[in-house]
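[1] Take this sequence and fold it.
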Amino acid sequence: MDRREVQRNTIQMKNVILFLMGTYALFAVTPGMASGKADLKKADQLFASCDYHKAIEYYKKAMPGIKRKSDKAALLYKTAECYRRINQPKQAEVYYRKCIAAGYADPEVWLFSGQCRMELGNYSGALDDFKKYKDFVPSDPRGELGIKSCELAVQWLSAPGPEKVENVQQINTAGWDYAPSYEGKKYNVLYFTSTRPGTRGERTDDGVGEGFADIFETRVDKNGKWSTPVPLPEQVNTEGNDGVGRMTRKGNAMYLTRCGYQRNKHLYCQILYSQKKGNTWTEPSVLPFHTDSFNYGHPAPDPQESFLVFASDKPGGYGGLDLWLTRFDKKANRWSDPENLGPGVNTPGDEVYPFLHDDGSLFFSSNGHPGMGGLDLFKASPSGSFRWANPENLKSPMNSPADDFGIIFEGKQYKGYLTSSRSGGKGGDDIYSFRSDPLIFELDGFVWDREFLAKGIKVPVKGALVRLLSSNGKISELRTNENGYFFFKELETGLHYVVQTRGEDRQWDGDKLRFFGKDQSKFSTAELEKSSRFHQELSLLREEEIMHLPQILYDVNEHSLNHPSNPRDSLEYLYKILMESPAIIIELASHTDYRNSHQQNDSLSYRRAREVVLYMISKGIPAGRMKAKGYGERKPLQLTEDLKLPGGKILPKGTVLTETLIRTYPAGSPDFELLNQMNRRTDFRIIGKNFEEKAGDMGTGDPFPEIELEKEEEEER
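    Next up, the predicted model:
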């Protein structure tokens, strides 16, 4: 079948009468047209019979005899329409521009000019045309559709997908080669439609200027290349247009489209069924659900042959050509009445060339959904029994500014063949292979010592156990190397991931360092169209005898957390630690400076520790995980790093901020006040790692027992 036979028969049936009523008067013979009367009459007859290619010849002959500008503009428009309908957008666009320059009045000239410019990849010019058409006819959605399509096409071309689309040079010719179909599950035999020399008709179709189409067969040879295509026997191929054949999954039968031929008479397209027995084919029979005067074509059986999706212009649709479905009752050996797939798929435009994928998706081509120009390939997802919805454009490079249609897949793999008239081919339509290189997702990263990381220093945590949890339930584990590095490969597409590490799980031979806490991060491979390596950096807390918190400041003789430089959020650090390590039990130790008596300072420091515990309880931390203790002035701070005082002096790491040291600075000076402030602090240490919370209990025991004073010698006062 000529690959546009269904479309052109639809044009004849639905559009020609209205078109002639609206524009034929433009070609009524006037004194200035008398010399082209015969040629014009012949051209109009050919146009009315959809012999557009032949009509162009006569319109051009009639052109010199037309003197009136409006008549010439109308003739230019008819010529442009002929070129557009035989899919020669370059020539059509030339004549539309001439028509516009001649002052043609019908605003549809801007719409069709825009469509041709899109097919040529001239999106900026097409956008201008569609905007003009929308201004002229704001009620017609085709103008807005064209505008949206131009904008999307530019985006998709600028960021093409991962697919590799290549011309199959071995089987394409200067003619039309299209609509491939696999034979069976081995995927080593391909059937396709072609207008190349050697078809049975051996005549030129005046409608499109190409030979009549036949179905050809090619096989993969021992070198892995496609053999020279040969036509199927005369039971399948006739003198008319035969094509768009879809083999059944078993490879023992074919559904095909046939558009008969009889000079000066239009025969509608039909779907036929033929069985393969050995090397022969049975005489094809027309499927019984056809009705007269309408076109049926592009059959697509599901893998189980329980139903058939096809294209038709029969009544009850939404546009020119719609996709329909008929079910096969094996017991009754009959096909059901066709049902339209509905607005979830069909549009006021054309929906053609369906393909039913093994995963249940429906692939098809359309010029009624937003696209890149001409026919575009779409994928619709199942939305119920025998229904599909939410068509997604396959975008670039699967689609192009030209026509893209007739896609098939090799089972569930994202590889197969499609047809395209894109630039760079050998003929009008060519068959292209496509494949999507497997998406590769990887994850690497480091685990760092958190205390050093806070100072801008990256100290690796060796032997940290890193877990990778995916949304499909799979868990992978590995340990960091001596550089704290980890690497996961072969992550799956379409999943959500969590990568995490816990200090309690860390192991490293010969290293007695202990870590605690947990850190994790989330990422996803869902909806990604390009391979990616994710990078995540995690951290753990090194366990020290005394764990210093970010400085919690207290006013002199005060225990509240209301110091202006000490918002309660500063305790989020401790809260995070307790949440990351739900089994640890800590002692919260608070301290004072040397001022006031021992007894006053012991009580004050205890109240400071108690205030921190109360705050943690308010955040939901069980009381049984914390023990408040006050050390008064008995444990002055030992610097863990060099300290530069306001006066400029530097106290080296390891310095103990004793009363004796502090008194060397003038009372009330900035240095004096800073050193005392640093002694007024709260820190903690881990005293247990086996806490188990009881259901409905915030912990056992009294979190605030009597103050236990450390029995140590007093520092110098």
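[2] longest strand of the protein?
    Scanning the chain for the longest strand, with DSSP state E as the assignment, gives strand 265-277.
[3] any residues touching it, and which ones?
    1, 5-6, 9, 12, 49-50, 235-236, 240-241, 251-261, 281-287, 290, 292-297, 299, 308, 310 (Cβ atoms under 8 Å, 6 or more residues apart in numbering). In short, each C-beta sits where N, CA and C put it, glycine included.
[4] Quick check on these: which are buried?
    Buried residues within the contacts of strand 265-277, counting neighbours by 16 or more other Cβ atoms under 10 Å: 1, 5-6, 9, 12, 49-50, 236, 240-241, 253-261, 281, 284, 287, 290, 294-297, 299, 308, 310.
[5] Doesn't Asp177 lie inside a strand?
    Yes: applying DSSP: H, G, I helix; E, B strand; the rest coil, one finds Asp177 inside a strand.
[6] Show the pLDDT at the residue nearest to it when sequence neighbours are not counted.
    Using Cβ to Cβ, 6 or more residues apart in numbering and skipping residues adjacent in sequence, the residue nearest Asp177 is Ser194, 4.7 Å away. Confidence at Ser194, expressed as pLDDT, is 95.
[7] How about Leu614?
    At Leu614, the model reports a pLDDT of 91.
[8] How many neighbouring residues does it have?
    16 (other Cβ atoms under 10 Å).
[9] Next: Arg249.
    Arg249 has 17 neighbouring residues, counting by other Cβ under 10 Å.
[10] What helix or strand is it located in?
    Counting by DSSP states H and E, no helix or strand carries Arg249.
[11] Identify the residues contacting it.
    Gly184, Lys185, Pro301, Pro303, Gln304, Glu305.
[12] Gln507 reaches Thr480, doesn't it?
    No: using Cβ atoms under 8 Å, Gln507 is not in contact with Thr480; the gap is 10.5 Å.
[13] Which residues are in contact with each of the two?
    Contacts common to Gln507 and Thr480, judged by Cβ under 8 Å, 6+ apart, are Gly463.
[14] Comparing those two, which shows the higher neighbour count?
    Neighbours per residue, other Cβ under 10 Å: of Gln507 and Thr480, the larger number sits with Thr480, 24 against 10.
[15] how near is that one to Tyr497?
    Noted for Thr480: a distance of 18 Å to Tyr497, by Cβ to Cβ, to the nearest Å.
[16] what about Ala92, which SS state?
    Look at Ala92: counting by three-state DSSP, its state is helix.
[17] what sits against it?
    Ala80, Glu81, Tyr83, Arg84, Phe112, Cys116.
[18] In terms of helices and strands, where is the last one?
    For Cys116, the element it lies in under DSSP H and E is helix 108-119.
[19] repeat for Arg246
    strand 241-247.
[20] I'd like to know which elements that strand is packed against.
    Secondary-structure packing of strand 241-247 (3 or more Cβ pairs under 8 Å, 6 or more residues apart in numbering; DSSP states H and E): strand 177-182, strand 189-194, strand 214-219, strand 253-262, strand 296-301.
[21] Reformat those strands as CSV; add distance to Leu362.
    Listed next are these as CSV, based on distance: least, Cβ to Cβ, whole Å:
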stretch, distance to Leu362
strand 177-182, 16
strand 189-194, 21
strand 214-219, 23
strand 253-262, 16
strand 296-301, 8
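[22] Looking at those strands, spot the one closest to Lys415.
    Smallest distance to Lys415 across these (Cβ to Cβ): 11.5 Å, for strand 177-182.
[23] got the buried residues for that closest one?
    Asp177, Tyr178, Ala179, Pro180, Ser181, Tyr182.
[24] One more: stretch 352-367?
    Buried residues in stretch 352-367, counted by 16+ other Cβ under 10 Å: Val352, Tyr353, Pro354, Phe355, Leu356, His357, Leu362, Phe363, Phe364, Ser365, Ser366, Asn367.
[25] Take those and write them to TSV, including pLDDT and distance to Thr660.
    Below are the buried residues of stretch 352-367 laid out as TSV (pLDDT from 0 to 100; distance: Cβ to Cβ, whole Å):
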residue	pLDDT	distance to Thr660
Val352	97	94
Tyr353	97	92
Pro354	97	91
Phe355	97	88
Leu356	95	89
His357	94	83
Leu362	97	86
Phe363	98	85
Phe364	98	88
Ser365	98	89
Ser366	97	88
Asn367	96	90
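[26] could you give the mean pLDDT of the helix holding Cys116?
    Helix 108-119 comes out at a mean pLDDT of 97.
[27] which outside residues touch that helix?
    Contacts with helix 108-119, where a contact means Cβ under 8 Å, 6+ apart, come from 77, 80-81, 84, 89-90, 92-93, 96-97, 99-100, 123, 125-130, 132-133, 136, 140, 142-143, 146, 149-150, 153, 372-374, 401-403.
[28] chain center to that helix, what's the gap?
    The chain centroid and the centroid of helix 108-119 are separated by 29 Å under Cα atoms, centre = their mean, to the nearest Å.
[29] Which of the residues in that helix are classified as buried?
    So helix 108-119, judged by 16+ other Cβ under 10 Å, has buried residues Glu108, Val109, Trp110, Leu111, Phe112, Ser113, Gly114, Gln115, Cys116, Arg117, Met118, Glu119.
[30] just checking, next helix/strand downstream of it?
    Note on helix 108-119: by DSSP H and E, the next helix or strand toward the C-terminus is helix 123-136.
[31] quick one: the helices in the protein?
    Taking DSSP state H, the helices of the chain run over residues 5-10, 16-23, 37-48, 52-62, 69-85, 89-101, 108-119, 123-136, 141-158, 450-453, 572-580, 598-618, 659-662, 670-679.
[32] Identify each buried residue in the last one, please.
    For helix 670-679, a neighbour-count test (16+ other Cβ under 10 Å) marks Asp671, Phe672, Glu673, Leu674, Leu675, Asn676, Gln677, Met678, Asn679 as buried.
[33] circling back: filter the contacts of Arg249 down to the buried ones, PyMOL style.
    In PyMOL, this line selects whichever of these come out buried by 16+ other Cβ under 10 Å:
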select buried, resi 301
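[34] ok so, going back, could you point out which of the buried residues of helix 670-679 is nearest to Pro382?
    Nearest to Pro382 among the buried residues of helix 670-679 is Met678, at 67.2 Å by Cβ to Cβ.
[35] quick check: angle from the longest strand of the chain to strand 241-247?
    40 degrees (axes from the mean of the first three to the mean of the last three Cα atoms, to 10 degrees).
[36] ok now strand 265-277, how far from the chain's centre?
    Counting by Cα atoms, centre = their mean, strand 265-277 is centred 39 Å from the centre of its parent chain.
[37] tell me the contacts of Gln169?
    With Cβ under 8 Å, 6+ apart, Gln169 has these contacts: Lys426.
[38] could you measure it against Ile431, distance?
    Per Cβ to Cβ, Gln169 is found 10 Å from Ile431.
[39] hmm, back to that, now render the buried residues of strand 177-182 as a markdown table, adding pLDDT and distance to Asn596.
    As requested, those are exported to a markdown table (pLDDT from 0 to 100; distance: Cβ to Cβ, whole Å):
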| residue | pLDDT | distance to Asn596 |
| --- | --- | --- |
| Asp177 | 96 | 97 |
| Tyr178 | 96 | 95 |
| Ala179 | 96 | 94 |
| Pro180 | 97 | 92 |
| Ser181 | 96 | 94 |
| Tyr182 | 95 | 91 |
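[40] wait, which of those is closest to Pro315?
    Ala179 (25.9 Å).
[41] unless I'm mixing things up, the closest one is touching Thr193, no?
    Yes: in this structure, Ala179 is within contact of Thr193 by Cβ under 8 Å, at 4.7 Å.
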